[in-house]
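In: pasting a predicted model and its sequence here:
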Amino acid sequence: MQNRVYIFDTTLRDGEQSPGVSLNMNEKLQIARQLARLGVDIIEAGFPITSPGDFAAVQAVAREVKGVTVAGLARANFKDIDRAWEALLDAEQARIHVFIATSDIHLKYKLRKDREQVLAAAVEAVKYAKKYTSDVEFSAEDASRSDVDYLCRVFGEVIKAGATVINVPDTVGYTTPEEYARFIQTIMEKTPGMEKAVLSVHCHDDLGMAVANSLAAVGAGARQVEGTINGIGERAGNAALEEVVMGLYTRKDRYGLTTGFNTREIFRTSRLISSLTGMPVHPNKAVVGKNAFAHESGIHQDGVLKERTTYEIMNPELVGITAGNLVLGKHSGRHAFRNRLTELGYELNDEELNLAFGRFKALADKKKEITDHDLQALVEDEIRHV
Ligand code: KIV
Ligand code: ZN
């Protein structure tokens with residue numbers, strides 16, 4: 001079994017399904033470029049059939065963002081797949097991502113199809129997508145609540161039809177780490193031809209277990225993890241990729257696995273996405289929250305000053321928080337100020353920038369050296385109020 005885990009980012013598709021979030025094409029492109037710098041393996045840029053705007057965004061990402069696979073989502077029907085391919089065809093490496101639900105509850109109430117009909121639709125769709133590209137992912141929506149024997153049958157047939165990635169979504173965030181790990185193991189053992197495909201997981205966070213479930217699945221053999229930056233997404237969101245990756249990195253003694261992430265781009269990516277989506281990052285959020293590396297109690301501060309690792313399991317610089325850097329002083333101008341904020345991932349509108357610049361000048365009068373950490377606190381405490 002290989003020791004590389006592929007990271008599939010769906011911030012622009014499932015992430016954009018967060019209530020109240022709507023990104024325009026330029027914002028999506030900006031995020032996609034940053035995701036490529038971050039080192040994700042696959043960017044799911046959208047669901048092209050859903051709207052002309054989504055189609056255009058997937059097309060723009062496919063045309064302009066290189067060095068990464070670009071995926072477009074399609075239901076298991078020819079029209080969706082045609083539209084997805086039309087949007088993707090200029091990508092350096094394109095993936096068509098086909099999905100259909102497999103749980104009895106979805107079959108009965110949503111699709112109004114029986115198991116044989118769903119199986120036939122899945123196989124037909126994968127064969128059809130395969131005419132366009134060799135890279136076809138199949139997702140069984142609500143997989144974690146599906147009958148495992150039926151699921152393995154569907155997976156075996158779609159692999160025969162040409163699917164190269166098999167995704168096992170926990171669509172409603174219902175599973176638990178031990179249960180999901182066993183489920184993944186069973187799928188690996190019982191699906192004919194599974195060794196020919198990459199097994200992928202896609203977890204939602206309704207019970208707060210999306211990251212734990214993803215890591216448990218990786219421990220059981222999954223080699224692609226899907227999620228979003230800052231964990232944004234439908235309802236309670238998706239697995240936060242920065243947490244998954246830092247979990248694998250920090251506990252490589254436990255997992256022995258690597259990713260292609262450039263972890264030093266994590267903080268900037270988090271703040272860019274927060275700025276553009278308008279979704280603040282909770283101060284206590286693991287890895288990227290503004291308190292994630294703050295030590296408040298005297299005992300902790302004393303320990304960290306003596307030896308960082310007493311209370312820090314990750315070096316903040318590893319995730320791109322350069323707290324010690326001298327960046328600006330009281331003579332710095334507005335232009336340098338704006339540039340540094342942009343480098344840190346903050347996109348402020350003119351009004352916010354004016355306010356922030358005024359606060360910065362006041363701070364610079366009191367404090368000679370203004371660090372990245374000061375700028376982060378200034379924006380998040382005084383401008384964004386998170
Ligand atoms: O949660 C889900 O099941 C999905 C699929 C479309 C992969 O987002
Ligand atoms: Zn999802």
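Out: Okay, I see it. Numbers count the residues shown, from 1 in each chain. Ligands and ions are numbered 1, 2, ... in the order given.

In: in this protein, where is pLDDT below threshold?
Out: With pLDDT under 70 as the threshold, the chain has low-confidence stretches at 1, 296, 323-326, 385-386.

In: strands of that one, start to end?
Out: Secondary structure of the chain, counting by DSSP state E: strands at 6-9, 42-46, 69-75, 93-101, 136-141, 165-170, 198-203, 224-227, 326-328, 370-371.

In: got the ones you listed as JSON lines, with mean neighbour count and distance to Met314 columns?
Out: C-beta coordinates here come from the backbone N, C-alpha and C atoms, glycine included. Converted to JSON lines, the strands of the chain look like this (neighbours: other Cβ atoms under 10 Å; distance: least, Cβ to Cβ, whole Å):
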{"stretch": "strand 6-9", "mean neighbour count": "24", "distance to Met314": "18"}
{"stretch": "strand 42-46", "mean neighbour count": "28", "distance to Met314": "25"}
{"stretch": "strand 69-75", "mean neighbour count": "25", "distance to Met314": "28"}
{"stretch": "strand 93-101", "mean neighbour count": "24", "distance to Met314": "31"}
{"stretch": "strand 136-141", "mean neighbour count": "26", "distance to Met314": "31"}
{"stretch": "strand 165-170", "mean neighbour count": "26", "distance to Met314": "26"}
{"stretch": "strand 198-203", "mean neighbour count": "25", "distance to Met314": "22"}
{"stretch": "strand 224-227", "mean neighbour count": "28", "distance to Met314": "18"}
{"stretch": "strand 326-328", "mean neighbour count": "17", "distance to Met314": "22"}
{"stretch": "strand 370-371", "mean neighbour count": "18", "distance to Met314": "19"}
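
In: so can I have TSV of those strands showing distance to ligand 1?
Out: What follows is these, written out as TSV (distance: least, Cβ to the nearest ligand atom, whole Å):
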stretch	distance to ligand 1
strand 6-9	10
strand 42-46	9
strand 69-75	6
strand 93-101	4
strand 136-141	4
strand 165-170	3
strand 198-203	5
strand 224-227	7
strand 326-328	39
strand 370-371	39
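
In: select, out of the ones you listed, the one closest to Lys127.
Out: With respect to Lys127, and counting by Cβ to Cβ, the nearest of these is strand 136-141 at 9.2 Å.

In: how about the closest one as PDB, C-alpha atoms only?
Out: Coordinates of each C-alpha in strand 136-141 appear next as PDB, following Å, rounded to 0.1, in the frame of the first residue of the first chain:
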ATOM      1  CA  VAL A 136     -13.000   9.300 -13.400                       C
ATOM      2  CA  GLU A 137     -14.100   9.400  -9.800                       C
ATOM      3  CA  PHE A 138     -17.200   7.700  -8.600                       C
ATOM      4  CA  SER A 139     -19.000   8.800  -5.400                       C
ATOM      5  CA  ALA A 140     -21.700   6.800  -3.700                       C
ATOM      6  CA  GLU A 141     -23.700   9.600  -2.000                       C
END
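
In: backbone phi and psi for Val281, please?
Out: Comment: the main-chain dihedrals of Val281 come out as phi -90, psi 130, following degrees, to the nearest 10.

In: now it. Nearest residue, chain neighbours left out?
Out: Once its chain neighbours are removed from consideration, Val281 has its nearest residue in Ser274; the separation is 5.1 Å (Cβ to Cβ, 6 or more residues apart in numbering).

In: just Thr10 next, same as before
Out: Counting by Cβ to Cβ, 6+ apart, the residue nearest Thr10 is Glu44, at 4.2 Å.

In: which ones are touching that neighbour?
Out: Taking Cβ atoms under 8 Å, 6 or more residues apart in numbering as the criterion, Glu44 is in contact with Phe8, Asp9, Thr10, Leu12, Arg13, Asp14, Ala71, Gly72, Leu73, His97, Glu226.

In: residues in contact with the residue nearest to Val281?
Out: Neighbour list for Ser274: Asn230, Pro280, Val281, Gly345 [criterion: Cβ under 8 Å, 6+ apart].

In: quick one: the first one and Phe267 touch, right?
Out: Same thing as Asn230. No: under the criterion of Cβ atoms under 8 Å, Asn230 lies out of contact with Phe267, with a separation of 11.0 Å.
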